[in-house]
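Engineer: I'll drop the sequence and a predicted model, then ask my questions.
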Amino acid sequence: MTIDNLKFDMSIKPEYHPIANQEPLMLDTVKKIAESMLAVGYRADMPIVMFEEKYLDGRNRAIAAAALGLTPTYRIFEGTYAEAQAESDRLNNDRRHRSKSQSAMMAAYIVVENREKVALLKAEIREKNPKILKDALSREMRKHHIYVEISHFLTAEQVAKKYDVSKNYVEKCIKYLTYREIDFSEMCRNIFDGTLEMYQAENKYQTARLALDAANRPAKECSEEQALLYEKIDLAKNHPESAAREIISYMQEAENKEEENDELVEKIEDLTATIDDLMIELSVMHSTLNDVEGKGISVPTKVAAA
């Protein structure tokens, strides 16, 4: 038996508890757990936790066990809703030890998934009543338990507070997940797995967008002024890489310390601001270049293809 031959039912019964749904359900994670179970079996010391007859913790393990035909162990959590929320947070934190980048990507997955659920719910309501007005639509949505469960996890600010991460980080992750012209799904998985830091991801994102922009430019002849602009763009494109490496170095140093170093954090924030300024400068350069092209001056083939 191999993982590729298994069929994973991501909507097994009983239902997932709304608290459990605050964490993204990832097929890649389920497959990794299934690989472990295939090798060593189901670990009885890691029971699936049930609350109000629904999955509170252990959805991935339950799906993997079902696909392999294994019988998991269970534990019933008895307590209030608030206590169940705290228990879920504790179990997730103990198990994952997430970095800020990982937490931000997890939060972004939740926002994107919940926004898709809201869009589907709106479509269903409008299908039944095509002439429904905006206020009436909002009232109808609030009647649905799905919307009530996810309404507090629809913006970057909301999830950033819950997972104690930067709203800016979450917004960047949402940007990567929803960008349509380039597929950043693998990069997002790498962030979620902890193999790629946010600074590295942002550099990859900006570089990929620049490459796409260059690829879309027609191969023409150009003036010395345009060639100089392209040269400056290349320099500006490379500058964030060295800045990003320096930031990553500071981040790794900060994470190894038990107490947060305020001076180090300020350096990181300054360097992050530097990258943002460079991106703005780069945008201005592109705009200037477009103005030059608008005057009828063309681009050389070797520059445009770079």
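Structural biologist: On my side now, so go ahead.
Engineer: Buried ones in stretch 5-24, by neighbour count?
Structural biologist: Of all the residues in stretch 5-24, those buried under the rule 16 or more other Cβ atoms under 10 Å are 6, 8, 16-24. C-beta coordinates here come from the backbone N, C-alpha and C atoms, glycine included.
Engineer: What segments of the stretch 1-150 of the chain are helices?
Structural biologist: Taking DSSP state H, counting those that start in this stretch, the helices of the stretch 1-150 of the chain run over residues 27-40, 59-68, 81-96, 100-128, 134-142, 145-150.
Engineer: Does anything pack onto the longest one? Which helices or strands?
Structural biologist: Using 3 or more Cβ pairs under 8 Å, 6 or more residues apart in numbering; DSSP states H and E as the contact criterion, the secondary-structure elements in contact with helix 100-128 are helix 134-142, helix 145-150, helix 156-163, helix 167-178, helix 185-193, helix 198-215.
Engineer: buried sites along that helix?
Structural biologist: For helix 100-128, burial by neighbour count (16+ other Cβ under 10 Å) applies to 100-115, 117-118, 121-122, 125.
Engineer: what's the answer for the first one, then?
Structural biologist: Buried residues in helix 27-40, defined by neighbour count with 16+ other Cβ under 10 Å: 29-31, 33-34, 37-38.
Engineer: Which strands and helices lie in contact with that helix?
Structural biologist: Secondary elements touching helix 27-40 (3+ Cβ pairs under 8 Å, 6+ apart): helix 59-68.
Engineer: Apart from its chain neighbours, what residue comes closest to residue 34?
Structural biologist: Leaving aside its chain neighbours, residue 34 sits nearest to residue 64 (4.0 Å; criterion: Cβ to Cβ, 6 or more residues apart in numbering).
Engineer: does that neighbour really touch residue 8, like I thought?
Structural biologist: Yes: look at residue 64 against residue 8 with Cβ atoms under 8 Å: they come within range, at 7.4 Å.
Engineer: just to revisit the earlier point, identify whichever of the helices of the stretch 1-150 of the chain lies nearest to residue 276.
Structural biologist: Comparison of the helices of the stretch 1-150 of the chain against residue 276 by Cβ to Cβ identifies helix 100-128 as nearest, at 16.6 Å.
Engineer: Let me have the helices and strands packed on helix 100-128 in TSV, adding distance to residue 281, mean neighbour count and mean pLDDT as columns.
Structural biologist: Output for the helices and strands packed on helix 100-128, formatted as TSV (distance: least, Cβ to Cβ, whole Å; neighbours: other Cβ atoms under 10 Å; pLDDT from 0 to 100):
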stretch	distance to residue 281	mean neighbour count	mean pLDDT
helix 134-142	41	12	82
helix 145-150	39	15	71
helix 156-163	25	18	84
helix 167-178	19	19	93
helix 185-193	24	17	90
helix 198-215	12	17	86
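Engineer: Nearest to residue 48, out of the ones you listed?
Structural biologist: Residue 48 sits nearest to helix 145-150 of all the helices and strands packed on helix 100-128, at 20.3 Å, using Cβ to Cβ.
Engineer: residues making contact with the closest one?
Structural biologist: With Cβ atoms under 8 Å, 6 or more residues apart in numbering as the test, helix 145-150 has contacts from 18, 21, 114, 117-118, 121, 141-142.
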